[in-house]
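Chemist: okay, structure incoming, though there's no sequence with it:
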């Protein structure tokens, strides 16, 4: 039986539950770790929701990496850099 979820005034059929998503993120992080062994990848997340996925992915990566969340508003964008130690700093606006 399909589980229905309500978000504000809309109803949706649940496609993947939280546990399934978490399991796949862990698997993907493990695959990426193997592919980038000995390297320090930069994961770029265009905001509007992607930061949740990207933070889970980098948390499960288990090696040095950088996460650069990027937001866009019209023609302007801003970038932040989050290193493997969780330090955040702005790296510019355009």
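Modeler: Happy to help now that I have it. For clarity, every value in this text was computed on a predicted model and none was experimentally measured.
Chemist: tell me where the protein has helices.
Modeler: 18-35, 50-59 (DSSP state H).
Chemist: TSV for those, including mean neighbour count?
Modeler: Quick note: C-beta positions are derived from backbone N, CA and C, even for glycine. Shown next, in TSV, are the helices of the chain (neighbours: other C-beta atoms under 10 Å):
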stretch	mean neighbour count
helix 18-35	12
helix 50-59	16
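Chemist: chain center to stretch 53-68, what's the gap?
Modeler: 7 Å (C-alpha atoms, centre = their mean, to the nearest Å).
Chemist: next one: stretch 55-71
Modeler: With C-alpha atoms, centre = their mean as the basis, stretch 55-71 stands 7 Å off its chain's centre.
Chemist: with stretch 7-14 instead?
Modeler: When C-alpha coordinates are averaged (C-alpha atoms, centre = their mean), stretch 7-14 and its chain have centres 23 Å apart.
Chemist: go on, stretch 19-31?
Modeler: 12 Å.
Chemist: over to stretch 58-77?
Modeler: Its chain's C-alpha centre and that of stretch 58-77 lie 7 Å apart, by C-alpha atoms, centre = their mean.
Chemist: center of this protein - which residue?
Modeler: residue 54 (1.1 Å; C-alpha atoms, centre = their mean).
Chemist: list the contacts of that one.
Modeler: Residue 54 makes contacts with 43, 45, 67, 69, as judged by C-beta atoms under 8 Å, 6 or more residues apart in numbering.
Chemist: any chance of the helices of the chain in a markdown table, with distance to residue 8 and mean pLDDT too?
Modeler: Below are these laid out as a markdown table (distance: least, C-beta to C-beta, whole Å; pLDDT from 0 to 100):
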| stretch | distance to residue 8 | mean pLDDT |
| --- | --- | --- |
| helix 18-35 | 19 | 96 |
| helix 50-59 | 18 | 89 |
